[in-house]
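Novice: Please find the sequence and the predicted model below.
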Amino acid sequence: MTTILWTKSTLQKEVNNAFDAQFHHEFLEVIAIRHLHVAPFDLRNHSLIFTSVNGVRAFFENGFLPKEKLTDLAHFNKIYAVGIRTKKELRKYGFGTFKVKKHAADLADFILQNSSNESFLHFCGNLALDILDKKLPLQNIDYKKIEVYETHLLYPKNDCDFDAIAFFSPSGVRSFVKYNSLEGKTVFSIGQTTEKELKKHTQQPIITSTESTSEDLIQRIKNYYSKK
């Protein structure tokens, strides 16, 4: 029996439904999220950027409300997002997206080429990648980062035996490897930025989702073991 360690316990139902009895699953939380209180302010004349599901949730939890009426362009907020899961989370609150890219670097390039005259507010966490923060202001684009949640690394000590492990964020990788080894393990990654962090800590081959979604990663894990 193959034991897979998942570093995201909220996937437990999805994982159990996806795999048969040949697999055993363990779940270990490696990070904790805390939403911050940010008093809502006027979003007029700004485009909004979201790069994570938690950013979306914390934004609406604080009482912010974008304006989507095209008939009132002075108050209209374009919404840019990174990742399908972020787009879906925005849709849960009733809002669409003007542009969605898989990665922050791709979104930065799109903005530079197509939206350089806009003013941007990026609602994110304290450990958000600084790709947008570095690229946009250098081209004189009005950009401001608003931290609406914090990610805390838990640094757990894992005490279960496992054959493979799945990671879902660079911070999750850093948290796990402080007290645990990846030596001899099969390693799976949610996306490129997580894979990049993993390569700092292991020489093991890394199997990465190309869609950067949990659904695609689960399918890739199933495909990997079906070929063995």
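Specialist: Here it is on my side, so go on. Numbering: from 1, shown residues only.

Novice: domain assignment for the protein?
Specialist: Residue ranges for each domain of the chain read 2-30+154-226, 34-151, as given by automatic domain parsing.

Novice: Take those and lay them out in a markdown table including mean neighbour count and mean pLDDT.
Specialist: C-beta: built from backbone N, CA, C; applies to glycine. Listed next are those as a markdown table, based on neighbours: other Cβ atoms under 10 Å; pLDDT from 0 to 100:
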| stretch | mean neighbour count | mean pLDDT |
| --- | --- | --- |
| domain 2-30+154-226 | 17 | 96 |
| domain 34-151 | 17 | 93 |
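
Novice: could you measure Ile218 against Phe23, distance?
Specialist: Between Ile218 and Phe23 the distance is 11 Å, computed by Cβ to Cβ, to the nearest Å.

Novice: residues touching Pro66, list them.
Specialist: For Pro66, the contact set (Cβ atoms under 8 Å, 6 or more residues apart in numbering) comprises Leu43, Leu48, Asn77, Ile79, Phe95.

Novice: can you check Thr151 too?
Specialist: When contacts are counted by Cβ under 8 Å, 6+ apart, Thr151 touches Ile31, Ala32, Ile33, Asn54, Gly125, Asn126, Leu127, Ser169, Ser171.

Novice: nearest residue to it other than its sequence neighbours?
Specialist: Using Cβ to Cβ, 6 or more residues apart in numbering and skipping the chain neighbours, the partner closest in space to Thr151 is Leu127 (4.6 Å).

Novice: Okay, now the sheet partners of the helix or strand harbouring Arg34, with direction.
Specialist: Using DSSP states H and E, Arg34 maps to strand 31-35. In the sheet, strand 31-35 lines up against strand 142-153 (antiparallel) (DSSP bridges).

Novice: which element follows the partner strand toward the C-terminus?
Specialist: strand 164-167.

Novice: Which of the three states applies to the residue nearest to Pro205 when sequence neighbours are not counted?
Specialist: Leaving aside its sequence neighbours, Pro205 sits nearest to Val187 (Cβ to Cβ, 6+ apart; 7.3 Å). Look at Val187: counting by DSSP: H, G, I helix; E, B strand; the rest coil, its state is strand.
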